Structures are given as structure tokens and as C-alpha cells.
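Asker: Structure, please.
(one chain, ligands or ions: 7)
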Amino acid sequence: MIWSLFVCYFVTTIVAIEENSRSANFIIRQNKRLASQAVLKIHPSSLVSCNLACLRHSWCTSTNFKESFGENSKGSCELNKHELSTKQHDAKLTDQPGNTFAMILEVACRSYPCKNNGTCQSGFTEKGYRCLCPAGWMGTNCEDDIDECDENIHQCNKNAACNNTKGSYSCTCNTGFHGDGYNCTDKCQEIRCGTNATCTNTKVSLRCTCNTGFYGDGYNCTECYTIFDFEDHDLSNWTLTGFAFNNQPTYGDIPSAQRGGHFSNHKGDWWIGTFENRPSPSHPFRYQYDNPQGSMTSPGFSITGKFLRFLIGGGCNLSFQDLRAELIIERQVVLVQTAKRCAEDMTEKSWDVTSYVGKHAQLRLIDYSSAAWGHLNFDHFQACHKLI
Ligand SMILES: *[C@@H]1O[C@H](CO)[C@@H](O)[C@H](O)[C@H]1NC(C)=O
Ligand SMILES: *[C@@H]1O[C@H](CO)[C@@H](O)[C@H](O)[C@H]1NC(C)=O
Ligand SMILES: *[C@@H]1O[C@H](CO)[C@@H](O)[C@H](O)[C@H]1NC(C)=O
Ligand SMILES: *[C@@H]1O[C@H](CO)[C@@H](O)[C@H](O)[C@H]1NC(C)=O
Ligand SMILES: *[C@@H]1O[C@H](CO)[C@@H](O)[C@H](O)[C@H]1NC(C)=O
Ligand SMILES: *[C@@H]1O[C@H](CO)[C@@H](O)[C@H](O)[C@H]1NC(C)=O
Ligand SMILES: *[C@@H]1O[C@H](CO)[C@@H](O)[C@H](O)[C@H]1NC(C)=O
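Answerer: Ligands and ions are numbered 1, 2, ... in the order given. Coordinates of the predicted model:
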């Protein structure tokens, strides 16, 4: 009776006492064989040694054993790997006289104790199973998420942000980089800064900046050199008249420190501000107010660039000539720039001196006003090859 062969089976318990020890019950089918699932073939002396060998390989789920009656009387044992349930394997078995099929009884795994697609292996630990967790999960039953970002076991690019998710993580390239998060390329390699400019990627923003000695927006940079920036805070070679320039240059942004809403927009530490009275860092913030008047004439310099540019502020309107900067060549005032609207912050102005290249020149700053806003701010006088 074929049918009775299917229901008639016995169970045997085998324990492999070793590191990572595993014990399991095997369902035995006589004269049956499971074909095409063998991973390893060995030659043990008995069915018990065959099944013991199976226990030593965590992937092993069943065996085919056939006793040999030859001279050395070693058996033939196939270690199988498959994912069949007990019911399924019965359907797949083929008749094979003399062969014994033995399959680990997956009792403990039947309740699906392993979460998150963990693989259950019966026969391990005192619980009767163990879970092999997929990447991203850990714990006895694979129930705990691994924080790959925190553990630093992620594959995110060094220029990407890692974000842990349940069972996995995601990577997002930082600002200034683009890509899939695993491969982030520096946008600096793709944008074209101007000649004599350098791209800097701060991870927060991307900027083209002109190299030292060059000025401009980073896309258009021109070589400039500074003629007067007052950083040596030494006016000994300048000719002063009146009182307006006696306490110059001025140290630090006094308008922003002392008069809310105003700032000087000076470069470096020192600038000319005829309202201010702070001729050294140790000097307290003081004012000389609008009243003092005077002028300040520079030592001579050669005009090399085609443009002169500078920062100018103070004053209250452009038509008011009492506050101004002048370019003097051969004792003649050839160019004039008045101060602007009623504001402290200096803005950039420039003079086209193409027709004066090679000439000897002087800069004169004038404060002939004691009216409201009757003071001049000035800084950062440069010669440039191009206008920027
Ligand atoms: C388990 O695997 C299946 C198929 O790959 C997938 O659809 C499912 O989302 C996974 N479940 C978990 C909790 O990872
Ligand atoms: C991180 O991932 C979680 C879950 O997917 C999501 O809700 C969150 O917005 C992500 N945070 C960032 C900064 O991407
Ligand atoms: C990263 O991107 C570069 C350029 O597109 C490509 O050559 C490389 O194979 C990528 N690497 C990975 C890990 O995706
Ligand atoms: C500025 O750029 C030009 C063109 O690339 C180059 O020939 C020159 O050497 C650069 N100047 C400096 C000072 O880097
Ligand atoms: C650079 O500046 C010059 C002069 O102002 C202008 O003609 C040119 O279009 C600018 N180039 C770029 C790339 O901004
Ligand atoms: C003043 O002029 C003299 C002579 O040209 C020069 O040696 C000295 O360095 C100048 N001083 C300053 C502070 O520029
Ligand atoms: C310009 O400012 C000066 C000084 O504050 C003032 O006397 C003059 O009237 C102003 N002119 C115009 C046109 O606003």
C-alpha cells in the first residue's frame, strides 16, 4: 500500500555537540529519495553520521543515505539544501529502494518566529531555532533595526547625509554635491568659475571666489592691486589740512557697534570716517561728529591699472560737492566722486583712468561740511586692469 508508506514514518533525535551546537528531530522515509537538492556528498558509515554531518552545516535541511555493502562498507550520504515544508517534500520524493531520506523537522520554525524576513533554522539554541537576519536587522528574532548611520556601517558617500530607516538607511548628497547618495560628485567640478578664480564647496554652499590679488564676482575676476587701504594706520606721508582727518584712520565698524541699523562696510580693520574718533583699538568708541572740516592729500602714486576703484560713504546727496574724493594729476583735479545718500555704509565707485595710465597722481579726500551727514567715509583704494 503506497499510501501507508507516506503516513508511516518515525522520528529520531540527533544532537551535534559542538560549538554552535544544533539538535534536531529528523523525519525518516525509507526507500525514498529527494532528487536534485544535494549540495555535498560524503561517505559516512551510518545514517546517524550522515545526519550528524547535516547538523554541522547550517544550510542543510535533509539527507539521502544509502548503505553500501561493498568492501569498505561506507555509505553514501547527500546533504540537501531546500526550502520545502514537510508536506511539500512528501510530494517530491521518488521511490528509491535501499535509500533513506531524513529531513529536519522544522517544529520550532512553524510559528514563524523570525521577523522581517529572517530565515528560521530549527535545531539551534534552547529555543529550538535560530534566526538568520537579513541586512539591516538584528536580535534573536530579527526584530531590532540596525542603525547603520550610527554604527557607521553604511555605504553613503563621505559627502552625503545618512538617514536610518527601518531595516535600512538612505543617503542624500550634501548641498554642493549631486548623485544618488552613494556616489556624490562635487558640483565644483561642473561649474566654471572665472579665470583666476577658485571654487569652494563648503558643503552648505558653492562659491566661486577670485584668487588672491584678483577681484570680482568669482566668474569675472580681474587683477587689482591696492594703493591705499589704511591698514598700516599711518598717515605720516599724507598732507592734512583742517581738523576733520586728525583722528584718522578709524578702527573697526563703529557705526554698526554704536548706531543701530548702520554699518561701515569697510575692508580690513582700518578706514577713513570723519564722524568717528577711534584712532586705535584700545581707544573707546567716540565721535567727533559732523563739525570738523578739512582735507587729506595722499603721497603720489603711478597709475598702472585702467580703473581705480574705492569704497565711499557718508554725505547725503551726490550733488553736494563739500564731501568728495578727488584724483589729482599735475595739480589738476581730473576726477571727482561725491558721497552718496544719507547712509554710513560705503559702496563701490570707480574711475576710468585709461587716458591717465603711466601718470603720477594723488588722491585727495575732502570734508568741507559741518551740516547733518557732513562727514566722509572712505576705504580700499585700488587700481584694476578691468572694471568689475
Ligand atoms: C520580505 O520580503 C518580501 C519579498 O522580498 C518583501 O516584499 C517584503 O517587503 C519583506 N518584508 C520585510 C518586513 O522586510
Ligand atoms: C529619514 O527617513 C525617514 C523615514 O524614511 C523620513 O521620514 C525622513 O524624512 C528622512 N529624513 C531625511 C532628513 O531625509
Ligand atoms: C560613481 O560615478 C562615477 C561617474 O559617473 C562612475 O564612474 C562610478 O562607477 C560610480 N560609482 C559607483 C559606486 O556608483
Ligand atoms: C590668471 O589666469 C590667466 C589665464 O588662465 C593665467 O595665464 C595667469 O597666470 C593667472 N594669473 C595668476 C596670477 O594666477
Ligand atoms: C565680465 O565682465 C565684462 C565687463 O564688465 C563683461 O562684459 C562680461 O560679460 C563679464 N563676463 C562674465 C562671464 O560675467
Ligand atoms: C613715507 O614715504 C617714505 C619716502 O617715500 C617711505 O620710505 C615710507 O615708507 C613712507 N611711509 C609710509 C607709512 O608709507
Ligand atoms: C544735499 O545735502 C546738503 C548737506 O546735507 C544740503 O545742504 C543740500 O541741500 C542737499 N541738496 C539736495 C539737492 O538735496
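Asker: neighbours of the residue of the stretch 151-300 of the chain found nearest ligand 1, just the number please.
Answerer: Nearest residue of the stretch 151-300 of the chain to ligand 1: Gly167, at 5.6 Å (C-beta to the nearest ligand atom). C-beta here means a position set from N, CA and C on the backbone, and glycine is covered the same way. Residues near Gly167, counting by other C-beta atoms under 10 Å, number 16.
Asker: Phi first, then psi, for it.
Answerer: In terms of degrees, to the nearest 10, the main-chain angles of Gly167 are phi 80, psi -10.
Asker: Nearest spatial neighbour of it, chain-adjacent residues omitted?
Answerer: Using C-beta to C-beta, 6 or more residues apart in numbering and skipping the chain neighbours, the partner closest in space to Gly167 is Gly136 (4.0 Å).
Asker: Who are the contact partners of the one you found?
Answerer: Contacts of Gly136 were listed using C-beta atoms under 8 Å, 6 or more residues apart in numbering, and they are Asn116, Asp145, Ile146, Glu148, Gly167, Ser168, Tyr169.
Asker: Of the residues you listed, which is the nearest to Asn220?
Answerer: Tyr169 (42.7 Å; C-beta to C-beta).
Asker: Would you map the helices across this structure?
Answerer: Listed in chain order, the helices of the chain (DSSP state H) span 2-7, 47-56, 86-92, 148-151, 254-258.
Asker: Quote the end-to-end distance of stretch 180-194.
Answerer: End-to-end distance of stretch 180-194 (C-alpha to C-alpha, to the nearest Å): 28 Å.
Asker: correction: stretch 352-370
Answerer: Its first and final residues considered, stretch 352-370 spans 30 Å by C-alpha to C-alpha.
Asker: ok, now stretch 100-112?
Answerer: For stretch 100-112, the end-to-end distance is 28 Å (C-alpha to C-alpha).
Asker: what's near enough to touch the one residue in the stretch 51-200 of the chain that gets nearest to ligand 5?
Answerer: The nearest approach of the stretch 51-200 of the chain to ligand 5 comes at Gly194, 6.4 Å away (C-beta to the nearest ligand atom). By C-beta under 8 Å, 6+ apart, the residues touching Gly194 are Cys208, Cys210, Gly216, Asp217, Gly218, Tyr219, Asn220, Cys221.
Asker: possible to save those as CSV with pLDDT?
Answerer: Formatted as CSV, those follow (pLDDT from 0 to 100):
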residue, pLDDT
Cys208, 92
Cys210, 93
Gly216, 88
Asp217, 90
Gly218, 91
Tyr219, 91
Asn220, 91
Cys221, 93
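Asker: out of those residues, which are inside strands?
Answerer: Counting by DSSP state E, the contacts of Gly194 place Cys208, Cys210, Gly216, Cys221 in strands.
Asker: Ala325: which of the residues you listed is nearest?
Answerer: Closest approach to Ala325 among the ones in strands among the contacts of Gly194 (C-beta to C-beta): Gly216, at 22.0 Å.
Asker: neighbours of the residue nearest to the closest one when sequence neighbours are not counted, just the number please.
Answerer: Spatial nearest neighbour of Gly216, chain neighbours left out: Ile388 (4.1 Å); criterion: C-beta to C-beta, 6+ apart. When neighbours are counted by other C-beta under 10 Å, Ile388 registers 18.
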